[in-house]
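Visitor: Just a sequence and a predicted model for now, questions to come.
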Amino acid sequence: MSHLAETTIDPQERAKVLVVEDDPDIRKILEMFLTEKGFRVKVADGGPRALALVAEEPIDLILSDVRMPGMSGLDLLRYLKERDPEIQLVLMSAYSSV
């Protein structure tokens, strides 16, 4: 009986996603879902923490809530794009209008 070898991906080669969300429940759900899909996931509860994480290591994609206290997702986007125009950021909102 032959067995197909399972293909494994080196954890360091998986894309790194940063989730920026002030709601702890939504943040945890996104973290669990993305981890299950094979991404390396970092989380931040707001813009200032996200900026610190981006400064520490390269991030492949940022998923950010739009409405957050202190620094909105739009403010975070503007700040990051000024420093790195190539950075990839997706804004999310639970509201029907932004």
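Guide: In hand now; what should we look at?
Visitor: alpha carbons only for contacts and neighbour counts from here, please
Guide: Noted.
Visitor: Quick one: list the elements packing against the top helix by length along the chain.
Guide: Criterion DSSP state H: the longest helix present in the chain is helix 24-36. Here helix 24-36 touches strand 16-20, strand 40-44, going by 3 or more CA pairs under 8 Å, 6 or more residues apart in numbering; DSSP states H and E.
Visitor: tell me which residues in the next helix or strand after the last one are buried?
Guide: What it means is strand 40-44. Counting by DSSP states H and E, the next helix or strand C-terminal to strand 40-44 is helix 47-56. Residues 47, 50, 53 are the ones in helix 47-56 that count as buried (16 or more other CA atoms under 10 Å).
Visitor: Also stretch 75-92?
Guide: So, applying 16+ other CA under 10 Å, buried residues of stretch 75-92: 76-77, 80, 89.
Visitor: Sort out for me which of these are in helices.
Guide: Those of the buried residues of stretch 75-92 lying in helices (DSSP H): 76-77, 80.
Visitor: any chance of these in TSV, plus distance to Pro58?
Guide: Shown next, in TSV, are those (distance: CA to CA, whole Å):
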residue	distance to Pro58
Leu76	16
Leu77	16
Leu80	12
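Visitor: in this protein, what spans have low per-residue confidence?
Guide: 1-12, 96-98 (pLDDT under 70).
Visitor: So for it, the centremost residue is which one?
Guide: For the chain, Leu18 is the residue whose C-alpha lies nearest the centre (CA atoms, centre = their mean; 2.2 Å).
Visitor: count of neighbours near Glu36?
Guide: For Glu36, the tally of surrounding residues (other CA atoms under 10 Å) stands at 10.
Visitor: if I look at it, how far off is Gly46?
Guide: As defined by CA to CA, to the nearest Å, Glu36 lies at a distance of 23 Å from Gly46.
Visitor: In this structure Asp23 contacts Asp45, no?
Guide: Yes. Counting by CA atoms under 8 Å, Asp45 is a contact partner of Asp23 at 7.4 Å.
Visitor: Compare these two (neighbour count), which wins?
Guide: Asp45 (18 against 12).
Visitor: show me what contacts that one?
Guide: 20-24, 27 (CA atoms under 8 Å, 6 or more residues apart in numbering).
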